[in-house]
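1. quick one: sequence and predicted model below, then my questions.
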Amino acid sequence: MDPILDGLNHAQREAVTSSAPVLQVLAPPGSGKTKTLTARVAYLLSHHGYQPQDVICCTFTIKASREMRERLSKLIGEKLQSRLILGTFHSICRRYLVKYGYLIGLRKGFGIADSDDTRAILRRIIKRLKSTIDVRAAQGRISKHKAHGLSPRDLSDKVKADEVELVEIYSAYNEALAAANLLDYDDLLVRCCDLLREHPECVSNVQTVLVDEFQDTNIIQYELMNLFAAKHRRITIVGDPDQSIYGFRSAEIQNLRRMQKKYSNTSVVLLESNYRSCGSILNSAQDVIEQDTTRPAKKLEATHKFGTLPVLRKLPNPNAEATWMVLEIKRSIALTGDLLRMCDFAVLLRSASLSTRIESAFGRAGIPYKMVGGRKFFDRVEVKTLLNYLRVVSHSDHSDALLNIINVPPRRIGDETIKQLTGGAEKAGVTLWVFIKDVIQGRRATEKKLQKAAELGLCALVKLIDASRQKLQDCADASAPCVLLEYIVESLSFQEYLLKTYPLDEDGRWANVKELMGQASDVVTSDGETNPEEDLPEIEGVEQQQTHPGEEALSRFLANVALATEAQSKDEDDGGSGSVTISTIHAAKGLEWPVVFIPAVYNGSIPHSRAEVVDEERRLLYVAMTRAQALLYLSLPLKQPRVGEGEDGSTSLTPFLPPRIVKSRFRLKGPQFHEQVVYGIADTLRRARPTAEELCKDIATLPSILDDRWTSEGEEVRAEDNGWNHQQNWGDSTQEPSTKRRRYDDERRALTSNSITSHKSGTSSTFMVPTTMSTGGFTSARDYIAVQPEDSKSGASSQAKAQVITTSAHQDGLNQASISTFFGNPGVSRTKDRSSQPNFPSAKSTSHDRLASSTKPQPQSAPSHVPVSLASHRLQPRPLHPSRPALEPAGPTSYTWMAAPTSSDALKPARMFSSPAFQNQMSESTSKGPGETTPASSSSVRSKAFYTTTMDQVRQQAPTTTGRRTLGIRRSMNGWADRMKREKTGGQGDRMQ
DNA sequence: CTTCTCCTGCTTTTT
DNA sequence: GCAGGAGAAG
């Protein structure tokens, strides 16, 4: 059999091998979408004879495209992979515009305006026009117009009163961009569309186009896809309407429909089996998403066991919520006997701003974490300043960058001078840079004479920039960004400047500068040949614009910075267990973790108070929930001083979790980690089950083996009631167990031995329920039932089904049930689908409850059979189970065996696992090993990919790691001092060190 | 005229 | 903490 198809289920295979020219693969979370898309690329290359450089593959995030490259490296080999035109829409467009932009009058060396630039430009314009429109609002509305392909002229026809003002700003904004030779994010797409419309020959080589996460495309991106595929009209898309969470960015789910209409030969393949999460998590997520009544019903079949119920936890306030997460992380690690590591946990947030409290709680508790999402690193002032210098060097027309550095470090150039210069430049009709140069070289004069000091400062600046530019000319290779950065840092005495300006944390800021330099040297590392990612195949009759290699390296570096989402990573090798990921939900899309926390599930946070479309917020929650493999925790603080609606700061649970769902799908406290629960987690993660000894060994480090510091109603349990000493610092696990704690040790041993007994006897009905006074018998009892029962049934139904339907636009195309499932009348197909669903999860919940209540009055635990000494017994951590069982069709593991023998990858199949734990674990050894230097591999082979930028990866190879490695933490530490000062007032009594 | 300091309001999500 | 504005001090 074809090795590309190895490990694919029937439906996935159907999708991969489909001979349909236009194919839509629609699939719920965890069903192996990306895997399918990747395999299809490989299949098309090998079976249809397409050349890689004739295949375009679009993703939405850099992370996704990097992951795709990695997977493809393994499937088709590094060499072929690197020739594919693969990247985000934006980066692919940039590539085309660099080479062919001249055809539509784009000036050479254009820069990319990031959202700061955009905002600065708009602020200026709005001020000048004396408009009252909010800058951010204008930014959003203009972006929206661009995403719909509407120019100011298009808009001026529609004479809506409130639009007139905006249109004026819009066109002034476009002029400003043009004057500075800048393209904003939307322009990259729009201009590329222009290019391909006027010069379709630029993509005449393209055989086929593939698009990931198609539900997130907006009109322009959809148009681009069509233009890319214009010649042969062969397109594959994968997507899931339920995961459409970019409506705010003008994504249109309608594009799925539009595409079917446009291409009457569209085939649709549905994937329905979920390989990621345990059944209980899927059920709860499914219940959430099904509240959307406008949504066509869709199947989602669990292939895993039911597992343990998700948790919905109430806590008194956000600080308690953060502390609770710390406790639960520690508790679940300790009670699962090395099954879970720090890197198995993720905290997913609606808003990045929610992270601060969590970060500080984690910091205090010594839990390593990394924050993903947001572009914090490149937004740091010191980093931004240096980047702006580079931008000015690369691109002298970039007036905003110039304005940002004109007086940094201080050069005695103040407001008045700046006013003179910008005013003068505008009058003279030249860019700021040209004007400044003219002034100090005596060719022009400002209206009012400049101060001597200011003039001297300007001279120094111009001198530096010109010298840098000369250096750039002399540097004809990819080291340019690094060389320039060093030169500028030295010329400015930047370190001393930092020292003077930020005496408190000069250290951290200098570390950031070093980090930036490290990232810049990335480009050098991947040298040798020019970066293959940037090449486009030569096409006869169309000339590509040639560029100076140093200049190109610099502008590519700057573009990568502008287009990078996840700027930062952190040390992964801190004792080998990695760190907890804190991420926005948006940034977490497409990823998975064994344990997921979703805090702040209150009305106002999710759905966000500013959200325009509630359904999208629900989908967001759905996406977040479906990231979890084995354990899912939702939580909400009952009081939220600032945001929530109530005057007293009290919050209400998100409407997406009505009582009905909470009751049937959630428990109110963290699970008890008795043996069966732990086994369930191990099985879902396909890791080895821990031994009884391992389960016991860390108990002593816990303040309690139960989630009982707060009641299930979210009230603080009084200290004397429960052995909870609230003064104690939870970060300090070396603390001696309190006298009260011994009680839990006993219970735990009892619990374990009981479970062992029942396991041996092979029946589930002999469970003892270890209860404590403070835990509701109801939840724990239900817990016991929940882990046990339906394994066998779900196993039987786990065979995947494929439905392949060919639509015909002429027949209205939608007469088939499965299609209408997605696009047509939801009412009809819905009930039908329902009945065909495996009935185990929802149908059983009532009987659970009944059983649960009947189980309730269980006796207290039996005496222990495990020797007391076992509790402190320490075992060597065992390696995690290396591979997924064969029945698992998902997981990139399966690509291993067909990796091209030319690649060194083929030698180490063990490297490829889909769980983040393995990713991290393996990538460590990979990146450190000698002889690991497949030339182009730096950007793609290392499976670090999950959390780092391309640039970060290289940093790891760099020998200078020590200084920069702990950056992420250090940076966060800087913040703690301040935060803690503030939190002291309303805080929890947690001590700071 | 520049620079420093204090104050205010802010924060949805991303390329 | 962070950006931007206002006002006082150099």
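-> Structure's in. What do you need?

2. which strand in chain A has the most residues?
-> Identified as the longest strand of chain A according to DSSP state E is strand A:628-637.

3. show me what it is packed against.
-> helix A:279-289, strand A:311-315, helix A:318-335, strand A:593-598, helix A:675-685 (3 or more Cβ pairs under 8 Å, 6 or more residues apart in numbering; DSSP states H and E). C-beta here means a position set from N, CA and C on the backbone, and glycine is covered the same way.

4. determine the number of other residues adjacent to the closest residue to residue A:182 other than its chain neighbours.
-> Computed as Cβ to Cβ, 6 or more residues apart in numbering, the closest residue to residue A:182 that is not its neighbour in sequence is residue A:113, at 4.3 Å. If you count neighbours by other Cβ atoms under 10 Å, residue A:113 ends up with 26.

5. how about CSV for the helices and strands packed on strand A:628-637, with mean pLDDT and mean neighbour count added?
-> Compiled in CSV, the helices and strands packed on strand A:628-637 are given as follows (pLDDT from 0 to 100; neighbours: other Cβ atoms under 10 Å):
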stretch, mean pLDDT, mean neighbour count
helix A:279-289, 95, 26
strand A:311-315, 94, 23
helix A:318-335, 93, 24
strand A:593-598, 96, 26
helix A:675-685, 94, 23
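
6. and the ones you listed: which comes nearest DNA strand C?
-> helix A:318-335 (15.7 Å; Cβ to the nearest atom of the strand).

7. which SSE is immediately downstream of the closest one?
-> Where DSSP states H and E defines the elements, the next helix or strand beyond helix A:318-335 is strand A:345-349.

8. I'd say the residue nearest to residue A:182 and residue A:181 touch.
-> No. Contact between residue A:113 and residue A:181 fails when scored by Cβ atoms under 8 Å: they sit 10.0 Å apart.

9. thinking again about what came up before, pLDDT at the residue nearest to residue A:182, what is it?
-> You'll see residue A:113 listed with a pLDDT of 89.

10. before we move on, what about residue A:660?
-> Reading off the model, residue A:660 has pLDDT 95.

11. give the contact list for it.
-> Under the criterion of Cβ atoms under 8 Å, 6 or more residues apart in numbering, residue A:660 has no neighbours.

12. which strand or helix spans it?
-> Going by DSSP H and E, residue A:660 is part of helix A:659-665.

13. now that helix: buried residues?
-> A:661, A:662, A:664, A:665 (16 or more other Cβ atoms under 10 Å).

14. ok, back up a step: tabulate the helices and strands packed on strand A:628-637 in JSON lines, adding columns for distance to residue A:702.
-> Formatted as JSON lines, those follow (distance: least, Cβ to Cβ, whole Å):
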{"stretch": "helix A:279-289", "distance to residue A:702": "24"}
{"stretch": "strand A:311-315", "distance to residue A:702": "17"}
{"stretch": "helix A:318-335", "distance to residue A:702": "5"}
{"stretch": "strand A:593-598", "distance to residue A:702": "17"}
{"stretch": "helix A:675-685", "distance to residue A:702": "15"}
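
15. just put the ones you listed in a markdown table and tack on distance to DNA strand C.
-> Below are the helices and strands packed on strand A:628-637 laid out as a markdown table (distance: least, Cβ to the nearest atom of the strand, whole Å):
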| stretch | distance to DNA strand C |
| --- | --- |
| helix A:279-289 | 32 |
| strand A:311-315 | 24 |
| helix A:318-335 | 16 |
| strand A:593-598 | 23 |
| helix A:675-685 | 37 |
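
16. so which of the ones you listed is nearest residue A:349?
-> Ranking these by distance to residue A:349, with Cβ to Cβ as the measure, places strand A:593-598 first at 7.8 Å.

17. elements contacting that closest one?
-> Counting contacts by 3+ Cβ pairs under 8 Å, 6+ apart, strand A:593-598 packs against helix A:318-335, strand A:345-349, helix A:614-625, strand A:628-637, helix A:675-685, helix A:916-928.

18. what is in contact with residue A:113 and residue A:181 at once?
-> Contacts common to residue A:113 and residue A:181, judged by Cβ under 8 Å, 6+ apart, are absent.

19. burial count for the residue lying closest to residue A:123 once chain neighbours are set aside?
-> The shortest distance from residue A:123 to any non-neighbouring residue, by Cβ to Cβ, 6+ apart, is to residue A:135 (5.0 Å). Neighbourhood size, residue A:135 [other Cβ under 10 Å]: 19.

20. dump the residue contacts of residue A:135.
-> A:119, A:122, A:123, A:126.

21. quick one: the third one and residue A:172, what's the gap?
-> Distance from residue A:123 to residue A:172, counting by Cβ to Cβ, to the nearest Å: 12 Å.

22. shaky segments in chain A?
-> For chain A, the stretches with pLDDT under 70 are A:1, A:158-162, A:373-376, A:522-534, A:565-576, A:641-648, A:718-993.

23. longest helix of it, counting residues only.
-> When chain A is parsed with DSSP state H, its longest helix is helix A:452-474.

24. outside of it, which residues touch it?
-> Contacts for helix A:452-474 (Cβ under 8 Å, 6+ apart): A:389, A:392-394, A:396, A:405-407, A:411-414, A:417, A:436-437, A:439-440, A:450, A:480, A:483-484, A:487-488, A:491-492, A:548, A:550-551, A:554.

25. I'd like the next helix or strand past that helix.
-> Next along from helix A:452-474, by DSSP H and E: helix A:480-491.

26. identify all contacting residues around the helix or strand just after that following helix.
-> Next along the chain after helix A:480-491, taking DSSP H and E as the criterion, comes helix A:494-501. For helix A:494-501, the surrounding residues in contact (Cβ under 8 Å, 6+ apart) are A:382, A:386, A:409, A:488, A:489, A:506, A:509, A:510, A:513.

27. secondary structure element for the first one?
-> What that stands for is residue A:382. Going by DSSP H and E, residue A:382 is in helix A:381-394.

28. that helix near DNA strand B at all?
-> No. Legend: contact between helix A:381-394 and DNA strand B by Cβ under 7 Å from any atom of the strand is lacking; minimum distance shown is 13.4 Å.

29. what residues sit buried inside that helix?
-> A:382-394.

30. same question for stretch A:195-209.
-> A:195, A:196, A:199, A:202, A:203, A:205, A:206, A:207, A:208, A:209.

31. sorry, back to before: between residue A:123 and residue A:172, point out the one with more neighbours.
-> residue A:172 (18 against 14).

32. against residue A:273, how distant is the closest residue to that one other than its chain neighbours?
-> Using Cβ to Cβ, 6+ apart and skipping residues adjacent in sequence, the residue nearest residue A:172 is residue A:125, 4.7 Å away. According to Cβ to Cβ, residue A:125 and residue A:273 sit 52 Å apart.

33. the two: which has the busier surroundings?
-> residue A:273 (25 against 21).

34. the more buried one and residue A:301 touch, don't they?
-> Yes. Look at residue A:273 against residue A:301 with Cβ under 8 Å: they come within range, at 4.9 Å.

35. would you map the strands across the stretch 151-300 of chain A?
-> Shown for the stretch 151-300 of chain A, the strands assigned by DSSP state E, counting those that start in this stretch span residues A:182-184, A:208-211, A:235-239, A:266-270, A:273-274.

36. so is the strand or helix carrying residue A:145 next to DNA strand B?
-> Here residue A:145 sits within helix A:135-147, counting by DSSP H and E. Yes. Helix A:135-147 reaches DNA strand B (Cβ under 7 Å from any atom of the strand) through residue A:136.
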